[in-house]
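K.L.:
The following block contains a protein sequence and its predicted model.
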Amino acid sequence: MTPYKPKYPLYIYKMFFLYDFESGEPAINIEISDIGFFELSKLPKLSKRAVFSVCAGFGV
């Protein structure tokens, strides 16, 4: 763990979802403020710690 000490007593989670888009159109709604898709080779840069955590979660 890192020595990070949050200023506020709350948690923030970054979530990644792996899915297959089958039909319909993605739509912004009360739960979703933005929708974006990236090709695997064009994913935005992440911190190394985040990349390792995501890869470990998917067994990569």
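P.N.:
Arrived safely.
K.L.:
now this structure, which segments are flagged as low pLDDT?
P.N.:
Applying pLDDT under 70 to the chain flags residues 1-2, 6, 8-9, 12, 46-54, 60.
K.L.:
Go ahead and flag the most central residue of it.
P.N.:
F16 (3.5 Å; CA atoms, centre = their mean).
K.L.:
if I look at it, how far off is E25?
P.N.:
Counting by CB to CB, to the nearest Å, the gap from F16 to E25 is 22 Å. Glycine gets a C-beta too; all of them are placed from N, C-alpha and C.
K.L.:
Likewise for K7?
P.N.:
For K7 relative to E25 (CB to CB), the value is 39 Å.
K.L.:
Kindly report the same for P3.
P.N.:
From P3 to E25 the distance is 45 Å (CB to CB).
K.L.:
cool, and L40?
P.N.:
On the measure of CB to CB, L40 and E25 end up 22 Å apart.
K.L.:
What of L18?
P.N.:
20 Å.
K.L.:
Likewise for F17?
P.N.:
17 Å.
K.L.:
what's the answer for Y19, then?
P.N.:
15 Å.
K.L.:
what do you get for I35?
P.N.:
10 Å.
K.L.:
higher neighbour count, those two?
P.N.:
Neighbour count, other CB atoms under 10 Å: between I35 and E25, I35 has more, with 10 against 6.
K.L.:
So the more buried one is in contact with N29, correct?
P.N.:
No: assessed by CB atoms under 8 Å, I35 is found out of contact with N29, at 9.9 Å.
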